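> let me see the structure of the following:
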Amino acid sequence: MTATTTPAPAPAPGAFAARAGGSRPLAGTGTLLRFALRRDRVMMPLWIGVTALMVLSLPASLKSVYGTPAERAALAQQMLANNSLRATYGPVFSDSLGGLTAWRIGVYAGILAAVMSLIVVVRHTRDEEESGRQELVSAAMVGRRAPLTAALLAALVADGVLALIVTAGLAGQGAAGALALGLAIGATGMVFATMAAIVAQLTESGRLAKGLTGALVGAAFVLRAAGDSATDDGSSALTWISPLGWLENLRAFADERWWVLLLFAAAVIAQGAAAYVLAGRRDVGMSFLPTRPGPATGRLGTAGALAWRLQRGAVLGWSLGFLAAGAAFGGITKGAADLVGSNAKTREIIERMGGQAGLTDAFLAAMVNMLGMVAALYVVSSVLRLHGEETSQRAEPLLAAAVGRLRWAGGHLVLAFGGTAVVMLLGGVGLALGYGAEYGAILGACLVQVPAVWTLGGLAVLLYGLSPRLAPGAWAAAGLALLLGWLGPALKIPQAVLDLSPFGHLPRLPGGTMTWTPVLVLTAIAVALTAAGLTCLRRRDLAT
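Here you go, the predicted model:
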């Protein structure tokens, strides 16, 4: 007789990963947390330092421009009466230096904390699974929920340090207000950290997870802006839907509403719980919204087409974002004269940013320059997609076929450098539409910024070509350029230091005199840096 056996039933989803952790779902959390903090030992301090510096430098800057209580009270009244400025910065709840600091930078510091937090969480969850490293880690004595817990704790450490620095740095303006603003910024970061933890369970790609969570940050800003443009006290329902609206409605330095912190706590707990539930219902490497498979034929048959497929979402998102940001900046420009009034020091700062032309043209030039500096973040992220493809080992099998390194890199670089021109052009379209005039001059001014952005993109190519370990340094260069452009004029930083940024050499348009020499020189530098980076890429080994 032949013995028959009954096939074993298929394991339930998540069973394989559950065995690794056994009855200790948080085993190994401490080790993973230390590893995450070690990996982020450069990125976290830089991000925290830049954000904190932007916040802590404002009281002195505001005091130098609006030195008397009467001037600050007049500024607050002007802001409340201008709905476009309320949409951009939010309502003013106090005309003290602390209150004006919370009004001017609070929302934007919250956005920076949110972006930092979502990057940290996705990097240590979905990115690790996508690279295959998480599967190896899970084969050891690591609990099922340890990676997610470690990622959230790493975000908590970063947000906690940022909150502590802001609180300590602004304590001189009022201890209660400083604590409220610090907690609000840190809590905003944690809301989007737990939101990113949910998105990381739903998507199969780390880049898509960052993009979707970033889109949610943008949606939160739009909701808050729409609500604040309608009311001057932050009471709109749209404002209360957004976590950024909660930040401003905590009212730091203006009879703080401590109970608003309960909204942050509830959101963090609810979203964190949802992320843990989702993490327990899937296998490592899987997702609830898997990518649709398909053969690399037709439109995906070339390296350039593959690069477009990988980066089209980022190009579209940045393009729409610049169009909206340009429209918002254009609307603010209409109230530039009201913003400045008769304050000579404010006029001086705007002229240092935008040139010595008339006030409106100087303000437009400053906004164009700001769009250019933000576009530098796009070109760096697009160039470093090469770094992500290499370190995740997706580039090696592609290059093993009949695809050369230059051809592979060229597809991504065309999107990086060509996409820069597209996003700047759309930013100019939005700025011109929002302002309602000077269409040709504004579009030309935006395109003049492109060589400076390309220079930073070329530096990113060079650093990546030299070594994947050096590639993240491109973020430091872009951040330095943004920091100098943002704070340099207000702090009266010497021109020699401002010239470290490629944007410091461009003509101030519209309103200024067009000079082609710096534009051509920066273009040549960008070409040289890119060529040198590609030469280094051809000669070095791929990361293993």
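
> now the host helix or strand of R309: average pLDDT?
Using DSSP states H and E, R309 sits within helix 303-334. For helix 303-334, mean pLDDT rounds to 81.

> pLDDT score for the residue positioned nearest the centre of the chain?
Closest to where the C-alpha atoms of the chain average out (CA atoms, centre = their mean) is V115, at 4.9 Å. For V115, the model assigns a pLDDT of 90.

> ok, now which ones touch it?
Applying CB atoms under 8 Å, 6 or more residues apart in numbering, we find V115 in contact with 192, 214, 217. From N, CA and C alone the C-beta is placed, and that goes for glycine too.

> same deal with R39?
By CB under 8 Å, 6+ apart, the residues touching R39 are 123-124.

> mind giving me the packing neighbours of the helix holding R309?
Applying 3 or more CB pairs under 8 Å, 6 or more residues apart in numbering; DSSP states H and E, one finds that helix 303-334 contacts helix 83-89, helix 206-230, helix 359-383, helix 385-391, helix 405-435.

> try it again with 7 Å
Helices and strands touching helix 303-334, by 3 or more CB pairs under 7 Å, 6 or more residues apart in numbering; DSSP states H and E, are helix 83-89, helix 206-230, helix 359-383, helix 405-435.

> what helix or strand does the residue nearest to the centre of the chain sit in?
V115 belongs to helix 97-123, assigned by DSSP H and E.

> look up how far D228 lies from Q77.
From Q77 over to D228 the distance is 16 Å, taken as CB to CB, to the nearest Å.

> more neighbours, those two?
Comparing Q77 with D228 by other CB atoms under 10 Å, the one with more neighbours is D228, at 28 against 12.

> isn't the more buried one right up against L85?
No. In this structure, D228 is not within contact of L85 by CB atoms under 7 Å, at 9.5 Å.

> next one: the helix holding R309 to chain centre, how far?
Chain-centre distance of helix 303-334: 13 Å, with CA atoms, centre = their mean, to the nearest Å.

> likewise for stretch 106-121?
A distance of 7 Å separates the centroid of the chain from that of stretch 106-121, by CA atoms, centre = their mean.

> alpha carbons only: can I get it in PDB?
Extracted C-alpha coordinates of stretch 106-121, given in PDB (Å, rounded to 0.1, in the frame of the first residue of the first chain):
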ATOM      1  CA  GLY A 106       5.900  78.400  12.800                       C
ATOM      2  CA  VAL A 107       4.000  76.800   9.900                       C
ATOM      3  CA  TYR A 108       7.200  76.400   7.800                       C
ATOM      4  CA  ALA A 109       9.200  75.000  10.700                       C
ATOM      5  CA  GLY A 110       6.300  72.500  11.100                       C
ATOM      6  CA  ILE A 111       6.600  71.600   7.400                       C
ATOM      7  CA  LEU A 112      10.300  71.000   7.700                       C
ATOM      8  CA  ALA A 113       9.800  68.800  10.800                       C
ATOM      9  CA  ALA A 114       7.100  66.900   8.900                       C
ATOM     10  CA  VAL A 115       9.400  66.300   5.900                       C
ATOM     11  CA  MET A 116      12.300  65.200   8.100                       C
ATOM     12  CA  SER A 117      10.100  62.800  10.000                       C
ATOM     13  CA  LEU A 118       8.500  61.200   6.900                       C
ATOM     14  CA  ILE A 119      12.000  60.700   5.400                       C
ATOM     15  CA  VAL A 120      13.300  59.000   8.600                       C
ATOM     16  CA  VAL A 121      10.300  56.700   8.900                       C
END
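
> still on that earlier bit, return the most buried member of the helices and strands packed on helix 303-334.
Ranked by mean neighbour count under mean count of other CB atoms under 10 Å, the helices and strands packed on helix 303-334 are led by helix 359-383, which reaches a mean of 25.

> give the rounded mean pLDDT of that one.
Helix 359-383 comes out at a mean pLDDT of 85.

> tell me the helices and strands packed up against that helix.
Partner elements for helix 359-383 (3+ CB pairs under 7 Å, 6+ apart): helix 303-334, helix 336-340, helix 344-354, helix 405-435, helix 439-448, helix 450-466, helix 473-491.

> contact partners of the fifth one?
If you take CB atoms under 7 Å, 6 or more residues apart in numbering as the criterion, helix 439-448 is touched by 364-365, 368, 371, 421, 424-425, 427-428, 431-432, 506-507, 509-510, 519.

> buried stuff in it?
Using 16 or more other CB atoms under 10 Å as the test for burial, helix 439-448 gives 441-443, 445-448.

> between the residues you listed, which is nearest G330?
Closest approach between those and G330, by CB to CB: I442, at 8.2 Å.

> next, E256: phi, psi?
phi -50, psi 140 (degrees, to the nearest 10).

> A496 now?
The phi/psi pair for A496 (degrees, to the nearest 10) is phi -60, psi -30.

> and the gap between it and G504?
The gap separating A496 from G504 is 10 Å, by CB to CB.

> of these two, who's got more company?
For A496 and G504, the more surrounded residue by other CB under 10 Å is G504, and the numbers stand at 18 against 8.

> neighbours of the nearest residue to that one once chain neighbours are set aside, how many?
Once flanking residues are discounted, G504 sits nearest to L498: 4.4 Å by CB to CB, 6 or more residues apart in numbering. For L498, the count of nearby residues is 17 (other CB under 10 Å).

> state the distance from L498 to F417.
Distance from L498 to F417, by CB to CB: 25 Å.

> quick one on the thing from earlier: report the lowest-confidence entry in the contacts of V115.
When these are compared by pLDDT, G214 scores lowest at 84.

> tell me the contacts of that residue?
115, 118.

> what's the distance between it and V55?
The spacing between G214 and V55, counted by CB to CB, is 21 Å.

> again with M190
Per CB to CB, M190 is found 17 Å from V55.

> between those two, which one's more packed in?
More crowded of M190 and V55, by other CB under 10 Å: M190, with 27 against 24.

> ok, that one to I119 distance?
Distance, M190 to I119, using CB to CB: 14 Å.

> sorry, back to before: could the helices and strands packed on helix 359-383 go into a markdown table alongside distance to A139?
A markdown table is the format used below for the helices and strands packed on helix 359-383 (distance: least, CB to CB, whole Å):
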| stretch | distance to A139 |
| --- | --- |
| helix 303-334 | 29 |
| helix 336-340 | 59 |
| helix 344-354 | 54 |
| helix 405-435 | 32 |
| helix 439-448 | 51 |
| helix 450-466 | 31 |
| helix 473-491 | 32 |
